[in-house]
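Undergrad: Got a predicted structure here, sequence first:
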Amino acid sequence: MAEQKKLVEEITSMSEDFAQWYTDIVKKAELIDYASVKGCMVIKPAGYALWENIQKELDRRFKETGVENVYMPMFIPESLLQKEKDHVEGFAPEVAWVTHGGLEPLQERLCVRPTSETLFCDFYKDEIHSWRDLPKLYNQWCSVVRWEKTTRPFLRSREFLWQEGHTAHATAEDAQERTIQMLNLYAAFCEEVLAIPVVKGRKTDKEKFAGAEATYTIEALMHDGKALQSGTSHNFGNGFAKAFGIQYADKENKLQYVHQTSWGLSTRLIGGIIMVHGDDSGLKLPPRIAPVQLRVIPIQQKKEGVMEKASELTAVLKAAGIRVKLDDTDKSPGFKFADQEMRGIPLRLEIGPKDMEAGRCVLVRRDTGEKIETPLDGVEKKVSELLEQIQNDMLEAARKHLAENTRVAKTYEEFCDLINNKSGFVKAMWCGDQACEDKIKEDTTATSRCMPFEQEQITDTCICCGKPATKMVYWGKAY
RNA sequence: CGGCGUGUGGCUCAGUUUGGUAGAGCGCUACGUUCGGGACGUAGAAGCCGCAGGUUCAAAUCCUGUCACGCCGACCA
């Protein structure tokens, strides 16, 4: 009863209006606020702390593979952006331009980086001379600007935070290996840390990055059955190298073009966390990424000794390495419960006079709502176990959702029916012709998400045109 | 870029049709009583009614323009 009332009053339920539910969560869990420019957002402490945790863990994993961090300027001269034809065509419609410096018009206008391939290339052409200079494994953490027409917090904002790795290699094989290595790193990060299972695969030519030879992607499935491209890794071959003149002398003193990659992952992933795990009570954060893993909520806090006990427990848990906060506000317990749930804090610990008398406390899991009475003695061990358990269970729940919403289509009627009426991924064969992708998009608004690494031969012919097909594609509606 | 919608205390909105000194709830501040699922009382603070022109004795309200935000569509790594 009480739960029902709470839902109605606070946030729109998922089933009623998923988009509104998302907006409600983003605002009410205080992840962001809208800013005064369309499509720009203030990332508030709760949201930024999430990004910091993503950064911390990803950065550590990057560095383990030899990647170094650098910082490039945020402006790109127009002439530089023009150098790679496909690239500029891909990005031109959505770049923001700086035309004035102070009151004077600039001789050459500057684009605010939508991505930094051209800057890295311009830098590499002077930095790389010899095979000894390779590979170059650089990454930068920064924001980029894309003048999107339709915007949504985290999912598509005009300015967003991300990391972009840019590497240069001596051979095509090295570049390909790095491309896949980083895609696998992203996938492992999503599953192990964010509890988000992903489908790894290659993009079709229609969907690949402007200027890339091949684009690889991790695709996650949101609670509403729509796909979210959650990270990409591109192999550029030597296309950019040729456009920018990035050459090195090999061991035989012959000039060779480098082979490059780039890979990126953005604050969009926070939108993914919300839409994979959240529910009608609010956000639900996996323990490994949660800025606060446990909130201590005292009951009857004015009673003798309660606050003292709550503080003591907070200190004990903190000492055990758990990210813990004590809610010492003078709100009622019910309010505090709802607040902790809204913010997605994985565990809460309730401690009141009754508990103290019995030498125990109550732990409540955010993911299942399960209440667990626990002796105060050794509570930190129990909490650690539970956090681990929650992390695992959340991944399992997300995997189950992904599996249950991935379907197979053998005929076009079946395909359209699944896309239109079921939501989720549909696996179907494709001939490789872009005309079929276009028709499918026209008929259903679904797009090819990727050609997964794990292929299966479902039928022998293309779902759309009936011509022979060897590629199995994940299709779906996407964010 | 097209369609629709919205701008009034921090938030959600009423008031606009029919012009007449700015309203409510929530939140906020102080004190007190409460506390195991969104507590209550009392007292308070807080608003160039998005912006600019115009009409009028008088504009949140009428007229013109403009800006911004949201949703849908088209577009989009």
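TA: On my side now, so go ahead.

Undergrad: Residue A:210 and RNA strand B, how far apart?
TA: According to CB to the nearest atom of the strand, to the nearest Å, residue A:210 and RNA strand B sit 5 Å apart. No exception for glycine: its C-beta is placed from N, CA and C like everyone else's.

Undergrad: Provide the backbone phi and psi angles at that residue.
TA: Main-chain dihedrals, residue A:210, degrees, to the nearest 10: phi -70, psi 110.

Undergrad: what separates the closest residue to it other than its chain neighbours from RNA strand B, distance-wise?
TA: Excluding the flanking residues, the one nearest residue A:210 by CB to CB, 6 or more residues apart in numbering is residue A:90, at 2.3 Å. Residue A:90 sits 5 Å away from RNA strand B when distances are taken as CB to the nearest atom of the strand.

Undergrad: Wait, a helix at residue A:211?
TA: No: under DSSP: H, G, I helix; E, B strand; the rest coil, residue A:211 falls outside any helix and is assigned coil.

Undergrad: mind showing which ranges of the stretch 1-150 of chain A have poor pLDDT?
TA: A:1-10 (pLDDT under 70).

Undergrad: which SS class is the residue nearest to residue A:210?
TA: Applying three-state DSSP to residue A:90 yields a three-state assignment of helix.

Undergrad: tell me the contacts of it?
TA: A:209, A:210, A:211 (CB atoms under 8 Å, 6 or more residues apart in numbering).

Undergrad: does the last one really touch residue A:118, like I thought?
TA: It stands for residue A:211. No: using CB atoms under 8 Å, residue A:211 and residue A:118 do not qualify as a contacting pair, with a distance of 9.4 Å.

Undergrad: Could you rank the contacts of residue A:90 by neighbour count and give me the top one?
TA: residue A:211 (26 neighbours; other CB atoms under 10 Å).

Undergrad: ok, now which ones touch that residue?
TA: Per CB under 8 Å, 6+ apart, neighbours of residue A:211: A:84, A:86, A:87, A:90, A:117, A:236, A:239, A:240.

Undergrad: For the closest residue to it other than its chain neighbours, what is the enclosing helix or strand?
TA: Nearest non-adjacent residue to residue A:211, counting by CB to CB, 6+ apart: residue A:87, 3.6 Å away. For residue A:87, the element it lies in under DSSP states H and E is helix A:85-91.

Undergrad: SS state for the residue of chain A positioned farthest from its centre?
TA: What lies farthest from the middle of chain A is residue A:304; by CA atoms, centre = their mean that is 46.1 Å. Residue A:304 falls in the coil class when you classify it by three-state DSSP.

Undergrad: ok, now residue A:148?
TA: coil.

Undergrad: and it, how far is that from residue A:362?
TA: Residue A:148 is 46 Å from residue A:362, where distance means CB to CB, to the nearest Å.

Undergrad: same question, residue A:248
TA: Residue A:248 is 64 Å from residue A:362, by CB to CB.

Undergrad: Which one of the two is surrounded by more residues?
TA: Using other CB under 10 Å, the more surrounded residue of residue A:248 and residue A:362 is residue A:248, with 20 against 17.

Undergrad: which SSE is that one in?
TA: strand A:247-249.

Undergrad: helix or strand right after that strand?
TA: Sequence-wise, the next helix or strand downstream of strand A:247-249 (DSSP H and E) is strand A:255-257.
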